[in-house]
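Colleague: fold the following and give me the result.
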Amino acid sequence: MPSLRLTPRTAALIVVVCTVVAYLNSLGGRFVMDDRCEIADNPAIRSLVPPWRAMLGGRNMPARPLPYLSFAVDHAVWGPGPFGYHVTNLVIHACAALALFAFTRLTLLSPRLRGRFGEHATSLATCIAAIWAVHPLGTQAVTYVYQRLESMTGMLCLAALAAFAQAAATGWRPRWLVACVLASAAAMGSKETAVVLPLLILGYDWLVLGEPATALWRRRWFYACLFAGWSIIAVHMIAQRGMFQELRAGTHAPLAYALTQPRVILHYLRLAFWPVGLCFDIPIPVSTTWVQIVPSLVYLVALLAAVGYGVLRRHAWSWLGVAFLLALAPTSSVMPVAALAAEHRMYLPLAAVVAAVVLGGYGVIGRCLAAGPHRDRALRLAVGAVAIIVAVLVALTQARNEVYATPGGIWLDVLRRQPQNTRALWNLAIDCEQLGEFDAALRYADNVAELVVEAPVYEDLATSRLKALDGATAERFLRHGGDRREALAGADAKTTVVTSCNLAVVLQQLGRLDEAEQVAAAAFDRVIERLPRDDARGLALRIIHANGLHRAGDDTRAEEVARAALADAGDGGAQDVFQTVAASLALGTILHARGADAEAEGIVHHALLLVRRKIATMSRRPVLVDSGGEYTILLNAVLESLSPRPLEELLAAILESSGRAAEAAVIRREWAAPASRGLREGNGP
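Modeller: Reported below is the predicted structural model:
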């Protein structure tokens, strides 16, 4: 059938053109949600030297080495705007589609399948790759920049499978096996969901190639290297164990999460066949009743039984079922993650679904119609149907891309389905703030507070304005938030107290010390009652209050407050070290004013040691202590002010009053030297 035969190059070009047409309008997309904290506001990706700074520089999320390194490359090549990141995402997706095309074509030309599919292997591979590439279910993995983690991992998994299929087709040439191992290792350095890749390749070898166990044993060193890639994931997860949701106390019980996943998987399959109703935040609650659990569980058990039967009989088609289930296993099993379902998780599993439908349809045509004019006509009609399907999917994908490109579009889309979705309201508040629509931002923030009063949405808005050097609006957000929380939860509620702490810090940053001290004095008793003694927010307010008492001349009470704050701060960790330094500065100043220079000098020396130790740590690796929410304003403020100079100036004053003017002069001379100042600031020469 000449009309269905394509050269591999022409077929590959068709796949690329379809992919580019579907996603060309994604280049106008914006940064959304995790794009902001992990890309736009992530200092670790702003330099390629040293490369491991970017590779390990996650902020609120665990950094995946290769995707984060690619973010740094994008920043170096394209700058901070989203356009270049979207270009790279499109290139990665096109490469993934080409890898799927190559893998599918090689598979259909393999000895076990050549007789059934070999005549139209290139055309079938083109159909599968094109449908998969333009399917709107993949938009979250492509148009949402941060989910490059998913698309890059998928691309590398498909590249590893294609290299393995090429090795099988060329008599197991070592170079293709090496390429497979390298691609597999890179996939595991991109996201931990690639843990299933060695099992996929082993299953392909056993089920599709159908070689005896002795042949697999001859390739034992290859498989040893392949499975050794798991060590990459292990080291990565151990190094960043505090960042992984799965390794912390989760929001879902493992059993409840697992019993909900059959519904999630059926939802994924529905979207694969009927991609209408895509939603950035899929509205599937935890399954709690038998009515919710049993029906979907029956369907999943039936699927598992069918796939298990095929595996036992070593049917080649069963590998598609194995691939689908294995690819979903890391996120649809018993290990709970915060989101029960997400569209990007179907990036790789969707390829198995598309392949099963296309090859199944081709098989039905072949069985129902013997060779002859009717079969040829049916195949031509099938090609036409595929072209129509691709065109419809392209249109749906372009429409979905427009939703991502519209300011607040994805969240408005979520709210149409879930009017009380907290995450959508919260992100709409942030989007409005970014656009300068502050009244709208406050309306959405108020909606969030009504649903979850302790949600730090006002702090997020204020932090963003502080970064934009708009202190007045930051103050407005916090004052409004404090009033709203007081109305909803009462003046003594912890969340109201936290707002007072952050407001005091902002006023202090703006240089309005009298107002900051008034806020601190008014909230001091409630801070002591409602917040833990070592809470960084409470410590900041207590230190401001101590400074206010000192300025007012009540040094006895000021010393008492500052000494208690320093004792509660201790030597600190990533957060409290800043409060330890601030408390030391306050207490040292008060003691110096009271003539207790010996004790003041000891406290200042210890604080200087902590500052220099922290600066040295920060110069070696990114220390990103602002974890978002309630801590963000506070920790941004103290991080920006981390410098030994105020402590050294106080130390010089103490030395001078103790008759050690020469030592004080040395300190001031060292500070005045530019090279010394650069090193002491942690900037290096």
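Colleague: so residue 654 touches residue 603, yeah?
Modeller: No. With contact defined as C-beta atoms under 8 Å, residue 654 does not count as touching residue 603 (9.9 Å). Bear in mind the C-beta positions are built from the backbone N, C-alpha and C, glycine included.
Colleague: list the residues that are in contact with both of those two.
Modeller: Residues within reach of residue 654 and of residue 603 at once, by C-beta atoms under 8 Å, 6 or more residues apart in numbering, are residue 588.
Colleague: care to break the chain down by domain?
Modeller: If you go by automatic domain parsing, the domain ranges for the chain are 8-368, 533-680.
Colleague: need these in CSV with mean pLDDT, mean neighbour count and distance to residue 526, can you?
Modeller: As requested, the domains of the chain are exported to CSV (pLDDT from 0 to 100; neighbours: other C-beta atoms under 10 Å; distance: least, C-beta to C-beta, whole Å):
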stretch, mean pLDDT, mean neighbour count, distance to residue 526
domain 8-368, 91, 19, 28
domain 533-680, 74, 19, 10
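Colleague: for residue 51, which non-adjacent residue is closest in space?
Modeller: residue 69 (6.0 Å; C-beta to C-beta, 6 or more residues apart in numbering).
Colleague: contacting residues for the one you found?
Modeller: Per C-beta under 8 Å, 6+ apart, neighbours of residue 69: 51, 54, 55.
Colleague: doesn't residue 259 make contact with residue 296?
Modeller: No. Counting by C-beta under 8 Å, residue 259 is not a contact partner of residue 296; they are 9.2 Å apart.
Colleague: what sits in contact with each of the two?
Modeller: The contact sets of residue 296 and residue 259 overlap at residue 287 (C-beta under 8 Å, 6+ apart).
Colleague: how close does residue 66 sit to residue 533?
Modeller: 43 Å (C-beta to C-beta, to the nearest Å).
Colleague: now the strands for the chain?
Modeller: Read by DSSP state E, the chain holds no strands at all.
Colleague: so which elements touch the lengthiest helix in it?
Modeller: Taking DSSP state H as the criterion, the chain has its longest helix at helix 373-405. If you count contacts as 3 or more C-beta pairs under 8 Å, 6 or more residues apart in numbering; DSSP states H and E, helix 373-405 packs onto helix 8-23, helix 121-134, helix 139-142, helix 349-368, helix 409-417.
Colleague: what comes up buried for that helix?
Modeller: Neighbour-count burial for helix 373-405 flags 379, 382-383, 386, 389-390, 393-394, 396-398, 400-401, 403-405 (criterion: 16 or more other C-beta atoms under 10 Å).
Colleague: that helix to helix 8-23, inter-axis angle?
Modeller: If you take axes from the mean of the first three to the mean of the last three C-alpha atoms, to 10 degrees, helix 373-405 sits at 40 degrees to helix 8-23.
Colleague: centre of the chain to helix 373-405, how far?
Modeller: Distance of helix 373-405 from its chain centroid, counting by C-alpha atoms, centre = their mean, to the nearest Å, is 32 Å.
Colleague: how about stretch 175-187?
Modeller: So, by C-alpha atoms, centre = their mean, the centroid of stretch 175-187 is 26 Å from its chain's centroid.
Colleague: need the CA coordinates for that stretch. PDB is fine.
Modeller: Extracted as PDB, the C-alpha positions of stretch 175-187 are listed here (Å, rounded to 0.1, in the frame of the first residue of the first chain):
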ATOM      1  CA  ARG A 175      27.400   1.200  21.900                       C
ATOM      2  CA  TRP A 176      23.600   1.000  21.900                       C
ATOM      3  CA  LEU A 177      23.500  -0.800  25.300                       C
ATOM      4  CA  VAL A 178      25.800   1.900  26.700                       C
ATOM      5  CA  ALA A 179      23.500   4.600  25.300                       C
ATOM      6  CA  CYS A 180      20.600   2.900  27.000                       C
ATOM      7  CA  VAL A 181      22.400   2.800  30.300                       C
ATOM      8  CA  LEU A 182      23.400   6.500  30.000                       C
ATOM      9  CA  ALA A 183      19.900   7.600  29.100                       C
ATOM     10  CA  SER A 184      18.500   5.600  32.000                       C
ATOM     11  CA  ALA A 185      21.000   7.100  34.400                       C
ATOM     12  CA  ALA A 186      20.100  10.600  33.100                       C
ATOM     13  CA  ALA A 187      16.400   9.800  33.600                       C
END
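Colleague: ok, and what's touching it?
Modeller: Defining contact as C-beta under 8 Å, 6+ apart, one finds that stretch 175-187 is touched by 66, 153, 156-157, 159-161, 163-164, 166-167, 170, 194, 197-198, 201, 219, 222, 225-226, 229, 232.
Colleague: cool, and stretch 417-433?
Modeller: 32-33, 36, 277, 279, 281, 283, 407-408, 411-412, 414-415, 438, 440-442, 444-445, 447-448, 451-452, 455, 457, 460-461, 464-465.
Colleague: again with stretch 159-166
Modeller: 95, 99-100, 102-103, 106-107, 110, 176-177, 179-181, 183-184, 187, 197, 200-201, 204-205.
Colleague: try 6 Å this time
Modeller: Outside stretch 159-166, the residues that touch it by C-beta atoms under 6 Å, 6 or more residues apart in numbering are 99, 102, 103, 106, 107, 176, 179, 180, 183, 184, 201.
Colleague: roughly how far is that stretch from the heart of the chain?
Modeller: Relative to the centre of its chain, stretch 159-166 is centred 28 Å away, using C-alpha atoms, centre = their mean.
Colleague: also stretch 38-46?
Modeller: Stretch 38-46 sits 12 Å away from the centroid of its parent chain (C-alpha atoms, centre = their mean).
Colleague: residues touching that stretch, excluding its own?
Modeller: Around stretch 38-46, the neighbours that count as contacts under C-beta under 6 Å, 6+ apart are 31, 53, 54, 57, 59, 61, 71, 72, 75, 146, 622.
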